[in-house]
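Asks: After the sequence you'll find the predicted model.
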Amino acid sequence: MVIELIPLIDEFSIYKVSSIDEISILELKGDFFSVTKTKDEISIICKTGLIHNFINCEPDWRGFKIKGILDFSLVGIIHEVTKPLKDNDISVFVSSTYNTDYFFVKANRFELTKEVFKNKKNFKLIQ
């Protein structure tokens with residue numbers, strides 16, 4: 001199986017916010033944003049600069065989308081993606097949706113990440 005990866009254009013930040021009520025979903029522009037709420041926290045991944053009222057912010061992330069709709073019965077997709085990154089000392093942050101998975105690397109490792117996947121037979125970068 002060849003895993004097709006689509007590099008995302010924007011630079012992203014991962015925010016921790018105190019209240020979802022303070023964030024207007026209409027403000028979250030761009031091709032990707034994710035809001036995760038647990039009993040312990042509220043995290044938002046979105047294009048850098050969109051959130052101004054936050055507790056913590058981890059900036060300078062670039063992302064990739066795994067192309068296609070991934071069936072829930074598939075096993076090991078995240079492992080296939082993260083193993084070559086681990087082998088190249090590239091930290092990764094993963095976010096999943098109903099259809100597919102996204103992963104983010106620090107912006108200063110983005111070009112290296114693309115090179116890693118270009119050199120792997122079971123990956124195809126889609127520009």
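Replies: Arrived safely, thanks for sending.

Asks: Could you give the bridge partners of the closest residue to Ser34 other than its chain neighbours?
Replies: Of all residues not flanking Ser34 in the chain, Ile45 sits nearest, at 4.5 Å (C-beta to C-beta, 6 or more residues apart in numbering). Quick note: C-beta positions are derived from backbone N, CA and C, even for glycine. Per DSSP bridges, the residues bridged to Ile45 are Ile14, Ser34.

Asks: among the helices and strands of this protein, which has the poorest mean pLDDT?
Replies: Using mean pLDDT, DSSP states H and E, the weakest-scoring helix or strand in the chain turns out to be helix 77-87, at a mean of 89.

Asks: ok so, going back, enumerate every residue touching the residue nearest to Ser34.
Replies: By C-beta atoms under 8 Å, 6 or more residues apart in numbering, the contact list for Ile45 reads 12-15, 32-34, 61, 93, 95, 104.

Asks: and those, which are buried?
Replies: For those, a burial check counting by 16 or more other C-beta atoms under 10 Å picks out 12-15, 32-33, 61, 95, 104.

Asks: all helices for the protein, in order.
Replies: 77-87, 110-118 (DSSP state H).

Asks: Hmm, Lys16 is touching Glu41, no?
Replies: Yes - Lys16 lies in contact with Glu41 (C-beta atoms under 8 Å); the separation is 5.9 Å.

Asks: about what we covered before: can I get the contacts of Ile45 in a markdown table with pLDDT and distance to Lys86?
Replies: Below are those laid out as a markdown table (pLDDT from 0 to 100; distance: C-beta to C-beta, whole Å):
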| residue | pLDDT | distance to Lys86 |
| --- | --- | --- |
| Phe12 | 96 | 21 |
| Ser13 | 96 | 23 |
| Ile14 | 96 | 20 |
| Tyr15 | 93 | 26 |
| Phe32 | 88 | 23 |
| Phe33 | 89 | 27 |
| Ser34 | 91 | 23 |
| Trp61 | 98 | 17 |
| Phe93 | 95 | 13 |
| Ser95 | 94 | 18 |
| Phe104 | 97 | 15 |
